[in-house]
Structures are given as structure tokens and as C-alpha cells.
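J.: mind folding the following:
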Amino acid sequence: MKLSSYEFPCFDFGTDITFKLYDEDGNAFDASTYTAEVFVSTWALGLYVDGIVPTWTTQSSGIGTFQFTETKTVDKPDIYHLEIQLTKSGVKLSTEAVKVVFKGSVD
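T.: Down below sits the predicted model:
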């Protein structure tokens with residue numbers, strides 16, 4: 001998975017984050033028949049943000065966007081892992097976890 005940004009401010013929400021999914025050979029992943037959800041987690045503390053549903057820009061090429069919301073965002077600076085889970089009847093796939101950084105505000 002490739003993201004438009006790998007660093008975000010804490011409490012950020014409402015900003016489009018673009019992503020593109022790839023298969024194991026590095027080709028665009030055809031997600032046409034899948035439903036997707038975005039998950040953000042830390043190894044030590046578990047799941048922080050769940051159930052963010054992305055919007056597909058070009059689903060057949062695995063290109064879409066998602067936004068953190070006021071209630072589904074990260075409130076502590078740290079390194080997190082983001083992945084997209086894809087499901088369809090009888091199949092559940094997850095992207096490899098991508099490292100992202102949430103930064104606190106600079107005063």
C-alpha cells in the first residue's frame with residue numbers, strides 16, 4: 001500500500017488521505033469486488049481507530065481515499081501501523097501494515 005502521506009498531526013480529521021493498493025508483484029490491486037475498512041493500531045496498545053470506510057477513486061486499480069473523523073482519530077503522538085482490510089463473500093485480505101507517524105502540535 002502506498003499513501004499520500006505517512007505523517008499526520010494528532011487529532012487530525014476531515015483531510016483526504018489518498019492510498020493505492022498493490023498485489024505481491026507490485027501491480028495495482030483490483031479491489032472491484034471487495035468492501036474495505038481502514039485500521040490504525042500500535043503493537044503495544046492495540047487498535048485505536050477502526051471501521052473507517054474509504055471512498056474508491058478507481059476501485060479496479062486499488063485507488064481510494066479516507067478521512068479520519070472527529071471520533072475516529074488518533075490523540076497521542078507515536079508511531080502507528082495502518083492497514084486496509086478487504087472482504088468479500090468467503091474472503092478476507094489485509095494489506096501489509098504501513099508505518100505512519102502521528103505528531104503532536106508544535107508550540
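
J.: quick one: list the elements packing against the lengthiest strand in the chain.
T.: In the chain, with assignment by DSSP state E, the single longest strand is strand 78-88. Strand 78-88 sits against strand 35-42, strand 91-94, strand 98-103, with contacts defined as 3 or more C-beta pairs under 8 Å, 6 or more residues apart in numbering; DSSP states H and E. C-beta coordinates here come from the backbone N, C-alpha and C atoms, glycine included.

J.: list the helices and strands the second one packs on?
T.: Spelled out, that is strand 91-94. Packed against strand 91-94 by the contact rule (3+ C-beta pairs under 8 Å, 6+ apart) you find strand 78-88.

J.: got the CA coordinates for the strand it packs on in CSV?
T.: The C-alpha trace of strand 78-88 is given here as CSV (Å, rounded to 0.1, in the frame of the first residue of the first chain):
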residue,chain,number,x,y,z
ASP,A,78,3.5,7.9,18.4
ILE,A,79,4.4,5.5,15.6
TYR,A,80,1.3,3.5,14.4
HIS,A,81,0.6,0.9,11.8
LEU,A,82,-2.1,1.4,9.2
GLU,A,83,-3.7,-1.4,7.1
ILE,A,84,-6.7,-1.9,4.9
GLN,A,85,-8.8,-4.9,5.3
LEU,A,86,-10.6,-6.1,2.2
THR,A,87,-13.6,-8.5,2.4
LYS,A,88,-16.0,-10.2,0.1
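
J.: got the contact list for the nearest residue to Val38 once chain neighbours are set aside?
T.: Spatial nearest neighbour of Val38, excluding adjacent residues (C-beta to C-beta, 6 or more residues apart in numbering): Ile52 at 4.1 Å. By C-beta atoms under 8 Å, 6 or more residues apart in numbering, the contact set of Ile52 is Glu37, Val38, Phe39, Phe66, Gln67, Phe68, Thr69, Lys72.

J.: could I get the phi/psi values of Ile52?
T.: Backbone torsions of Ile52, given as degrees, to the nearest 10, read phi -80, psi 120.
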